[in-house]
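what follows is a predicted protein model with its sequence.
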Amino acid sequence: MLKYIHDSCDCQFVVQGTLSLEFLDQVPQLDALIVPISGGGLTSGRVIGAKAKNPAIRVFVAEPKGADDAAQSKSMWKTHKLEPVIRDLVDVVITAEDEEILEATRYRYRILKVVIEPSAAIGLVAVLSDNFKENLVSGCSQNVGIVLSGGNADLDVLFE
């Protein structure tokens, strides 16, 4: 099963955490959550909310390879522009190439008719990646949720 919630409100930390709580209320059997990461604030709230509701849930964060601060920090197990919450509570960081991200954005629009920012499509890229499929942590994940945030996309540019 694959389910998503579109979050267009990047308001407060409380909202960030309640997105995960709402997700788990709607899909209590969710055992993995894919969250895009940038600066770490939104992701921290979502991770805390998810782990508070279900401590066993596996949380994956996804980011572009060209901006892989979280992946570098997680692999070195020290904070290098990485929120300690993410370092301590995120299970795996998955990176993706720009072209994969753009293709996932196009795919999401063509199939589901949902407009998302390319940075939000990275969750879909992550769950379809070999890294996710081959990772021991994700091997047990049957019910995967993907957080999509942001709808600021220029469709003319996207489809060129």
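Yes, it's here. Please read all numbers here as calculations on a predicted model, not as lab measurements.

hey, let's count contacts and neighbours off CA atoms from now on
Noted.

what residue ranges in the chain are flagged as low confidence?
Scanning the chain for pLDDT under 70 picks out 1-16, 77-83, 135-140, 150-153, 155, 157-160.

ok, for the residue nearest to the spatial centre of the chain, nearest residue in space, not its chain neighbours?
By Cα atoms, centre = their mean, the chain has its centre lying nearest to residue 35, at 1.6 Å. Distances taken as Cα to Cα, 6 or more residues apart in numbering put residue 61 closest to residue 35, at 4.8 Å, once the chain neighbours are dropped.

what strand or helix carries the residue nearest to the centre of the chain?
strand 32-36 (DSSP states H and E).

so the residue nearest to residue 35 bridges to which residues?
Beta bridges link residue 61 to residue 35, residue 93, judged by DSSP bridges.

mind listing what's buried in stretch 86-105?
Neighbour-count burial for stretch 86-105 flags 86-87, 89-96, 98, 100-105 (criterion: 16 or more other Cα atoms under 10 Å).

returning to that earlier point: I'd say the residue nearest to the centre of the chain and residue 58 touch.
No. Residue 35 sits out of contact with residue 58 when judged by Cα atoms under 8 Å, with a separation of 10.9 Å.

for residue 28, which three-state class applies?
coil (DSSP: H, G, I helix; E, B strand; the rest coil).

okay, now it: neighbour count?
As a burial measure, residue 28 scores 13 neighbours (other Cα atoms under 10 Å).

do the one 10 residues further on as well
Residue 38 has 17 neighbours, counted by other Cα under 10 Å.

let me see the contact set for it.
Applying Cα atoms under 8 Å, 6 or more residues apart in numbering, one finds that residue 38 lies in contact with residue 63.

distance-wise, check it relative to residue 21.
21 Å (Cα to Cα, to the nearest Å).

swap in residue 76?
Applying Cα to Cα to residue 76 and residue 21 gives a distance of 30 Å.

between these two, which is the more surrounded one?
Between residue 76 and residue 21, counted using other Cα under 10 Å, the more crowded position is residue 21 (22 against 11).

that older thread, now do the same contact list for the residue nearest to the centre of the chain.
43, 46, 59-62, 123, 146-148.

out of the residues you listed, list just those in helices.
43, 46, 123 (DSSP state H).

who's in contact with the second one?
Contact partners of residue 46, counting by Cα under 8 Å, 6+ apart, are 16-20, 35.

could you do residue 25 as well?
The contact partners of residue 25, by Cα under 8 Å, 6+ apart, come to none.

no more questions from me, cheers.
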